[in-house]
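3D model of this:
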Amino acid sequence: SLEAAAGDLGALVHRVGRDAVRVAVVSLMRRLGDEFVLGETIGDALRRAERETRAAAGTLLFSYDMLGEAARTASDAAAYKEAYREAIEAAGRSRFGDGPPGISVKLSALDPRFEPGRRASLVEPEAALVRSV
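Model (predicted):
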């Protein structure tokens, strides 16, 4: 339970000290991030994925997600569409792994007025963008 975990953490802090626990938590967060975040750019991520695929004898499949995007303005949406187009093209040129990589596209990044109820009206125009690449 959450209460038990909080109690365990409190006991650990009491036993080894706040600074030691802070260093350990930061280190664990970095390791976890390295496990799931392959790079800050699609190019960085593709290079790391290729290295990891070679090391695993080609038994890996990747899907890429651009973190943190949500369009607030039409200009934001246009910039995100271009970033998605570039990422899709770069991933499409990659030739490693057990199949083509995936790119997660967030509709909230492609329309500043995105609302879940309008999803159906947004899917086709954005699907056309993906197909054009």
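
what's the nearest residue to Pro112 if we skip its chain neighbours?
Ala71 (4.4 Å; CB to CB, 6 or more residues apart in numbering). Just so you know, the C-beta spots here come from the backbone N, C-alpha and C atoms, and that holds for glycine as well.

That neighbour touches Glu82, doesn't it?
No: contact status for Ala71 versus Glu82: not in contact, 12.0 Å apart, counting by CB atoms under 8 Å.

So the two - more neighbours on which side?
Each of Ala71 and Glu82 has its neighbours counted (other CB atoms under 10 Å); Ala71 has more, 21 against 10.

what's the more buried one in contact with, if anything?
Ala77, Tyr80, Ser108, Ala109, Leu110, Asp111, Pro112, Phe114 (CB atoms under 8 Å, 6 or more residues apart in numbering).

hmm, try it at 6 Å
Ala77, Tyr80, Ala109, Pro112 (CB atoms under 6 Å, 6 or more residues apart in numbering).

quick one: the last one is in a strand?
No: assessed by DSSP: H, G, I helix; E, B strand; the rest coil, Pro112 does not belong to a strand; its assignment is coil.

Could you report the neighbour count for it?
Using other CB under 10 Å, Pro112 has 16 neighbouring residues.

likewise the second one?
The local packing count at Tyr80 equals 21, with neighbours defined by other CB under 10 Å.

Name the helix or strand for it, please.
Mapping Tyr80 onto the secondary structure by DSSP states H and E places it in helix 74-93.

For the residue nearest the centre of the chain, which residues count as its bridge partners?
If you average the C-alpha coordinates of the chain and look for the closest C-alpha using CA atoms, centre = their mean, you land on Asp65, 3.3 Å from that point. With DSSP bridges as the criterion, Asp65 is bridged to Ser104.

Looking at Ala90 now. What's its pLDDT?
Reading off the confidence values, Ala90 has pLDDT 91.

who does the helix holding Tyr80 touch, helix- and strand-wise?
Helix 74-93 sits against strand 102-104, helix 107-110, with contacts defined as 3 or more CB pairs under 6 Å, 6 or more residues apart in numbering; DSSP states H and E.
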